[in-house]
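>>> here are the coordinates; sequence isn't available:
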RNA sequence: GGCGCCGUACCCAAGUGGCUAAGGGAGAGGUCUGCAAAACCUUUAUGCAGCGGUUCGAAUCCGCUCGGCGCCUCCA
């Protein structure tokens, strides 16, 4: 393929063309990626977690491949739901928005989701939105109806290109005579203010923006007419993203988005999870039961475009799978501490080759539309190969040498590196920066326990193990000494 | 009515034209071990919803059938 300079091997499934295409951003130094953010009227639920974990991994991988990423994610801080909810609570809408915005960061930080480059708020762009709407009116793509302004869907020939709809053949909405619209597919750019609602001045009187206009406005103002990537959940394809294309392209006259990427839904009992069905689970609720990495691994075990059925049992399985990493890391640290001699047997050299190919395979999997399940499989395979080598080496007479331990550490470094690309091992409190005083005390207890074990005093030995387990430390007696690790 | 997705082992889930159908969880047997745990080895789909077709060759392409789901209305 005649690939351009900005192609680095990644292929993505573009929802605009419904085909897998080579990913070639306009500028490798600055890939522009706009991900639809939340409407801050309620807590974050697991659907949000899935969406933002998906795009977090996409962003991390782009950066891993050497792209600079300018990541825009908005906050919708004024809309019907926010107004209704704040009225119910008897607080200003801005206060509700602010509170939920804080909750958003708290939850997403806990999930180790990288912060976007900018977080524009709808209310900060009202003036720019008015500008854009005025531009659309001048070009004949919008019309006023009372105090409302609507986008004229029929005026945009490409309307329906993303969601594969046809203005003449498809149904749009249920009402035949929608209030003031010329065509049912027309949508509000500006809504006139009703009593008691927050409002802003405009050429069409006091009012507030429609839902879709904010994303177009922010994208165009922050990133320019054309975005490389625009992301969000599949539920946004229609009408939200379809309408964004219409507004933006009519305003700028340029292609709005080169690659549209959408993540699949989280389902509950084979049913879409949604507010209207009342089957949503808050992220904070999950995090009380499972670690952030468990939830992340659970989601990444399926391709980002596929629907996923949420289940506590499945997340618990991911949590167990995660143990393999912990065991692997601590085992290798252990081996590295007690090596003997130098040099490496042939099998260790073969292992080294496997490390390299595992890394290559991981990259090949991620290059293919961010195939995280395949990528994860490659990491587990590598761990299995290492464990297998260790078991074999330990059964032999010779001790593991410093050079061989070096190969194992390389493997551990690759596992960490690739795990980080997926956003794993990054949540607060894992590994590394632990309290050394606590570590020393555990080591001390293990030495005491060894004395008891040497005397075959199993009662004392088991008591220490049980008590430490109760405190969250797992003690394991291996062939060559005792190892320990902290749970979670 | 229009548009679209999915059906791979006990469960989850990659693979979408050609080597032994990844990986995780679970189960069974074994090695190691004071016990436990971990790890390792072996094992669990001659088979990819069903039926036809294309092909030297299909889980993978085409058609039909059955089953599950989504969007067309606010939603990640």
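Perfect, thanks for sending it. Just so it is clear, the structure is predicted and the values come from calculations on it, not from any experiment.
>>> Show residues contacting the worst-scoring helix or strand of chain A on mean pLDDT.
Every helix and strand of chain A was ranked by mean pLDDT, DSSP states H and E. The lowest is strand A:271-272, at a mean of 76. Contacting residues not belonging to strand A:271-272 are listed as A:265, A:277, A:279 [C-beta atoms under 8 Å, 6 or more residues apart in numbering]. (C-beta placed from N, C-alpha, C; glycine too.)
>>> do that again at 10 Å, thanks
When contacts are defined by C-beta atoms under 10 Å, 6 or more residues apart in numbering, strand A:271-272 is touched by residues A:47, A:234, A:235, A:265, A:266, A:277, A:279, A:307, A:309.
>>> so the third one touches residue A:275, yeah?
Yep, that's residue A:235 we're talking about. No - assessed by C-beta atoms under 10 Å, residue A:235 is found out of contact with residue A:275, at 11.2 Å.
>>> On the three-state scheme, residue A:393 is what?
Using DSSP: H, G, I helix; E, B strand; the rest coil, the structure places residue A:393 in helix.
>>> again with residue A:232
The three-state label for residue A:232, taken from three-state DSSP, comes out as strand.
>>> Next, give phi and psi for the residue nearest to it when sequence neighbours are not counted.
Using C-beta to C-beta, 6 or more residues apart in numbering and skipping residues adjacent in sequence, the residue nearest residue A:232 is residue A:36, 3.7 Å away. The phi and psi values for residue A:36, taken as degrees, to the nearest 10, are phi -60, psi 130.
>>> okay, whichever residue of the stretch 151-300 of chain A sits closest to RNA strand B: pLDDT?
Closest to RNA strand B within the stretch 151-300 of chain A is residue A:233: 2.4 Å, counting by C-beta to the nearest atom of the strand. Per-residue confidence for residue A:233 comes out at a pLDDT of 94.
>>> Now do the contacts for it.
Neighbours of residue A:233 in contact, by C-beta under 10 Å, 6+ apart: A:35-36, A:47-48, A:50-51, A:54, A:240, A:262-266.
>>> related to what we said a few turns ago, among the contacts of strand A:271-272, name the ones in helices.
Assigned to helices by DSSP state H, the following of the contacts of strand A:271-272 qualify: residue A:47.
>>> do stretch A:106-119 and RNA strand B meet at all?
No - under the criterion of C-beta under 7 Å from any atom of the strand, stretch A:106-119 makes no contact with RNA strand B; the nearest approach is 11.6 Å.
>>> for the record, mean pLDDT for that stretch?
For stretch A:106-119, the mean per-residue pLDDT is 96.
>>> quick one: terminal-to-terminal distance for it?
15 Å (C-alpha to C-alpha, to the nearest Å).
>>> follow-up on the earlier one: the residue nearest to residue A:232: neighbour count?
Neighbours of residue A:36 under the rule other C-beta atoms under 10 Å: 22.
>>> who touches the residue nearest to residue A:474 when sequence neighbours are not counted in this structure?
For residue A:474, the nearest residue in space outside its immediate sequence neighbours is residue A:485; the separation is 5.4 Å by C-beta to C-beta, 6+ apart. Shown here is residue A:485, whose contacts under the criterion C-beta under 10 Å, 6+ apart are A:323, A:326-327, A:329-331, A:333, A:431, A:442, A:472-476.
>>> hang on, the earlier thing: also near RNA strand B: which of the contacts of residue A:233, exactly?
Residues of the contacts of residue A:233 in contact with RNA strand B (C-beta under 7 Å from any atom of the strand): A:36, A:47, A:48, A:50, A:51, A:240, A:263, A:264, A:265, A:266.
>>> Would you mind giving the secondary structure of the fifth one?
Put plainly, it is residue A:51. When the structure is split into helix, strand and coil by three-state DSSP, residue A:51 lands in helix.
>>> coming back round to it: do I have it right that the residue nearest to residue A:232 meets residue A:234?
No - with the criterion set as C-beta under 10 Å, residue A:36 and residue A:234 do not qualify as a contacting pair; they are 11.5 Å apart.
>>> Please identify every residue contacting each of these two.
With contacts taken as C-beta under 10 Å, 6+ apart, the residues that reach both residue A:36 and residue A:234 are A:51, A:241, A:262.
>>> which of these has the most neighbours?
When neighbours are taken as other C-beta under 10 Å, the top entry among the shared contacts of residue A:36 and residue A:234 is residue A:51 (28 neighbours).
>>> Can you tell me how far residue A:268 is from residue A:294?
Taking C-beta to C-beta, to the nearest Å as the criterion, residue A:268 is separated from residue A:294 by 18 Å.
>>> Those two: who's more crowded?
With neighbours defined as other C-beta under 10 Å, residue A:268 and residue A:294 compare such that residue A:294 has more, 22 against 18.
>>> Okay, and the more buried one sits in which element?
Applying DSSP states H and E as the criterion places residue A:294 in helix A:292-300.
>>> Nearest to residue A:204, out of the contacts of strand A:271-272: which one, please.
In terms of C-beta to C-beta, no member of the contacts of strand A:271-272 lies closer to residue A:204 than residue A:235, at 29.7 Å.
>>> show me the contacts for the closest one.
Residue A:235 makes contacts with A:47, A:51, A:241, A:262, A:263, A:265, A:272, A:274, as judged by C-beta under 10 Å, 6+ apart.
>>> cool, residue A:106 as well?
For residue A:106, the contacting residues are A:43, A:44, A:283, A:284, taking C-beta under 10 Å, 6+ apart as the criterion.
>>> All the strands of the stretch 301-450 of chain A, in order from the start?
Under the criterion DSSP state E, counting those that start in this stretch, the stretch 301-450 of chain A contains strands at A:308-309.
>>> near RNA strand B, which residues of it?
The stretch 301-450 of chain A comes close to RNA strand B at residues A:301-303, A:306-309, A:314, A:317-318, A:320-321, A:323-324, A:327, A:331, A:365, A:368, A:371, A:373-374, A:376-377, A:380-381, A:383-384, A:387-388, A:390-392, as judged by C-beta under 7 Å from any atom of the strand.
>>> Could you give me the buried positions within whichever strand or helix holds residue A:99?
With elements delineated by DSSP H and E, residue A:99 resides in helix A:93-110, which encompasses its position. Of the residues in helix A:93-110, those buried by neighbour count under the rule 16 or more other C-beta atoms under 10 Å are A:93, A:96, A:97, A:98, A:99, A:100, A:101, A:103, A:104, A:107, A:108, A:110.
>>> okay, the angle between it and helix A:292-300?
For helix A:93-110 and helix A:292-300, the angle between their directions (axes from the mean of the first three to the mean of the last three C-alpha atoms, to 10 degrees) works out to 90 degrees.
>>> just checking, next helix/strand downstream of helix A:93-110?
Note on helix A:93-110: by DSSP H and E, the next helix or strand toward the C-terminus is helix A:126-138.
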